[in-house]
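S.K.: no sequence on this one, just coordinates:
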């Protein structure tokens with residue numbers, strides 16, 4: 001009996017017993033041996049076990065996550081197959097982001113179907129600094145396939161064998177007390193909806209909340225309109241604000257599913273576009289949007305409370321137009 005057949009007999013026995021612990025050990029062994037074909041069989045047979053009433057989706061999910069993270073390009077392309085609506089459904093992050101950690105667009109580009117997943121992989125690789133030349137991909141994000149000079153270095157996920165870290169950008173913390181000014185006129189705009197869309201996993205799948213206001217005046221008026229009476233602020237660069245928005249947009253919050261760095265970058269651009277009233281003719285010229293970001297004054301704020309869980313609290317001031325915004329998005333574990 002050849003080794004593959006013996007391995008499959010052992011796999012069949014584990015499936016029959018619905019032995020999740022044994023399947024995890026087998027997944028570890030096949031990763032150690034770089035047996036990607038065998039790992040794919042673990043994924044497929046664990047997934048098919050539901051037909052016999054065996055709930056082995058955790059093993060299927062771990063196997064396809066490891067394939068996307070560690071497998072050769074051919075196997076990564078297999079788990080990113082556009083026709084497979086199940087792949088990546090329960091992984092800790094989108095497989096397009098997982099795959100982009102160790103695989104270049106040069107590795108994967110020619111192997112992927114020209115669909116949304118390939119486009120997301122391309123954007124993930126561009127965020128990581130790889131030049132991506134791909135003009136045959138669908139415009140799923142309507143963003144340039146290159147980070148612009150005015151954009152930050154975005155924080156990206158760090159996926160490991162059994163978990164991941166999602167670092168938050170480093171932000172200035174030189175706080176100053178601010179005296180608020182009540183009574184400003186409030187304006188209607190698209191920013192509140194753009195903020196909700198940015199952190200939708202925080203609110204739809206977790207315990208998060210969002211709120212924003214737009215006022216005639218400066219940030220002292222905007223923060224007062226948000227209901228604050230005791231507040232401190234810290235001025236930050238436009239690139240810091242964009243990195244923070246992108247981090248929030250990529251995150252799933254405490255209990256939601258992560259959307260990935262590419263989705264976070266899009267959400268940050270969309271929120272910036274809402275601030276500048278660019279949404280009706282999307283996408284805006286990249287240089288123009290960058291110049292608009294640079295023209296604003298950006299601040300972190302808090303009400304002297306400890307920062308716990310997931311939080312993004314921004315105040316933005318357009319001194320030329322005498323308009324300001326205060327935004328908050330928070331989710332607790």
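M.R.: All right, it came through fine. None of the values given here were measured: they were computed from a predicted structure.
S.K.: find the centremost residue of this protein, please.
M.R.: By Cα atoms, centre = their mean, the chain has its centre lying nearest to residue 250, at 1.9 Å.
S.K.: ok, the closest residue to it other than its chain neighbours - contacts?
M.R.: Nearest residue to residue 250, sequence neighbours excluded (Cβ to Cβ, 6 or more residues apart in numbering): residue 264, at 2.9 Å. Glycine gets a C-beta too; all of them are placed from N, C-alpha and C. Taking Cβ atoms under 8 Å, 6 or more residues apart in numbering as the criterion, residue 264 is in contact with 154, 245-251.
S.K.: and which of the residues you listed is nearest to residue 110?
M.R.: Within those, the smallest distance to residue 110 is 25.8 Å, found for residue 154 (Cβ to Cβ).
S.K.: wait, the closest one sits on residue 260?
M.R.: No. Under the criterion of Cβ atoms under 8 Å, residue 154 is not in contact with residue 260, lying 10.9 Å apart.
S.K.: neighbours of the closest residue in space to residue 136 that isn't next to it in sequence, just the number please.
M.R.: Closest residue to residue 136 in three dimensions, ignoring its sequence neighbours and counting by Cβ to Cβ, 6+ apart: residue 114, at 5.6 Å. Counted with other Cβ atoms under 10 Å, the burial measure for residue 114 works out to 13 neighbours.
S.K.: okay, residue 114 and residue 82: tell me how far apart.
M.R.: Relative to residue 82, residue 114 is positioned 9 Å away (Cβ to Cβ, to the nearest Å).
S.K.: burial check on residue 308, number of neighbours?
M.R.: Applying other Cβ under 10 Å, we find 10 other residues in the vicinity of residue 308.
S.K.: equivalent analysis for residue 124, please.
M.R.: The local packing count at residue 124 equals 27, with neighbours defined by other Cβ under 10 Å.
S.K.: could you look up the SS state of the residue nearest to it when sequence neighbours are not counted?
M.R.: Closest residue in space to residue 124, ignoring its immediate chain neighbours: residue 100 at 3.5 Å, by Cβ to Cβ, 6+ apart. The three-state assignment at residue 100 reads helix, by DSSP: H, G, I helix; E, B strand; the rest coil.
S.K.: in stretch 189-206, which residues are buried?
M.R.: 189-192, 194-203, 206 (16 or more other Cβ atoms under 10 Å).
S.K.: who touches that stretch?
M.R.: Contacts of stretch 189-206 from elsewhere in the structure, counted by Cβ under 8 Å, 6+ apart, are 208-212, 214, 245, 248-249, 251-259, 267-268, 270-271, 273-275, 277, 279, 310, 312, 325, 327, 329-331.
S.K.: buried subset of those, written for PyMOL?
M.R.: To isolate the buried ones among the contacts of stretch 189-206 in PyMOL, judged by 16+ other Cβ under 10 Å, type:
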select buried, resi 208+210+212+214+245+248+249+251+252+253+254+256+257+258+259+267+268+270+271+273+274+275+279+310+312+325+327+329+330+331
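S.K.: what's the end-to-end length of stretch 105-115?
M.R.: Taking Cα to Cα, to the nearest Å, the span from the opening residue of stretch 105-115 to its closing residue is 14 Å.
S.K.: gap between that stretch and the chain center?
M.R.: Computed by Cα atoms, centre = their mean, to the nearest Å, the separation of stretch 105-115 from the middle of its chain amounts to 21 Å.
S.K.: tally of neighbours for residue 167?
M.R.: Residue 167 has 10 neighbours, counted by other Cβ under 10 Å.
S.K.: mind checking the SS state of it?
M.R.: Applying three-state DSSP to residue 167 yields a three-state assignment of coil.
S.K.: how close does the closest residue to it other than its chain neighbours get to residue 286?
M.R.: Nearest in space to residue 167, with sequence neighbours left out and distances taken as Cβ to Cβ, 6+ apart, is residue 155 at 5.0 Å. Separation of residue 155 from residue 286 (Cβ to Cβ) stands at 21 Å.
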